[in-house]
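> Sequence isn't available, so here's the structure alone:
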Ligand code: 1GP
């Protein structure tokens, strides 16, 4: 029952495509699914700050039926759970002090989760300042960590590790102007947990830079919503990595 965690622990230079169900249904999702298959991401993350239960469930059904990539829930709230996903990042927003995002939503989800065959991965989630106010900052009502304060981020992530979290997620939030700084990635990686990095990543060069800094998994959402053909660029990167070019 720890298949996805093992995959994350063994991940190197991996790519996760983030699907926000709300935007998925507003776009041409059939074309998205075709290009997603070409891109061959290592993971699909699904979730959003404002998505309805109806859209979330419908999107999980479509992705789990049509794609073979590991489907991991990256929830914005307690209603974003579904047994057809492979795993749930059980996020605690430990950079903030909002009890709803530290433990509240988690308690609301347990009755459903207890009876569900889904891998639950305890995850430290740290919101980093990406140069603009993102919806996660607004919705969570928490203050992001300044991007040049790598030592603060490391301390928080280490506290998360000591609490039993299995992975760390550093996020500048969807559509951020800047990504997590290389120095912060290096410092946080030194605690010895697998590291996911997301928010504002818009180029292959940036993905490579963040991988080289120590990110096991880099998450891309907004860029693909703006330009679906970025999935084809990702495909080339994946082919290079897998030696199939
Ligand atoms: C946001 O990490 C994700 O929570 C992805 O961010 O949409 O900016 O790629 P983008």
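Nice, I can see it. Just so we're clear, the structure is a prediction, and the values are computed from it rather than from any experiment.
> since we're on the closest residue to the ligand within the chain, how many residues are nearby?
Of the residues in the chain, the one nearest the ligand is residue 198, at a distance of 2.1 Å by CB to the nearest ligand atom. Heads up, the C-betas are built off the backbone N, CA and C, glycines and all. Residue neighbour count, defined by other CB atoms under 10 Å, stands at 28 for residue 198.
> Strands along the chain, start to end?
Chain-ordered strands for the chain, with DSSP state E as the definition, fall at 14-19, 43-46, 71-73, 87-93, 119-127, 167-171, 195-198, 217-220.
> Other residues contacting the second one?
In other words, strand 43-46. When contacts are taken as CB atoms under 8 Å, 6 or more residues apart in numbering, the neighbours of strand 43-46 outside the stretch itself are 7, 14-21, 36, 56, 59-60, 63, 67, 69-74, 80, 85, 89, 217, 219, 221.
> Adjacent strands (with direction) for it?
Based on DSSP bridges, the pairing partners of strand 43-46 within the sheet are strand 14-19 (parallel), strand 71-73 (parallel).
> Pipe these into JSON lines and attach distance to residue 225 and mean pLDDT per row.
Formatted as JSON lines, the entries for these read as follows, by distance: least, CB to CB, whole Å; pLDDT from 0 to 100:
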{"stretch": "strand 14-19", "distance to residue 225": "9", "mean pLDDT": "98"}
{"stretch": "strand 71-73", "distance to residue 225": "18", "mean pLDDT": "98"}
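> Make a markdown table out of those strands and add distance to the ligand and mean neighbour count.
As requested, the strands paired with strand 43-46 are arranged in a markdown table below (distance: least, CB to the nearest ligand atom, whole Å; neighbours: other CB atoms under 10 Å):
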| stretch | distance to the ligand | mean neighbour count |
| --- | --- | --- |
| strand 14-19 | 5 | 24 |
| strand 71-73 | 12 | 23 |
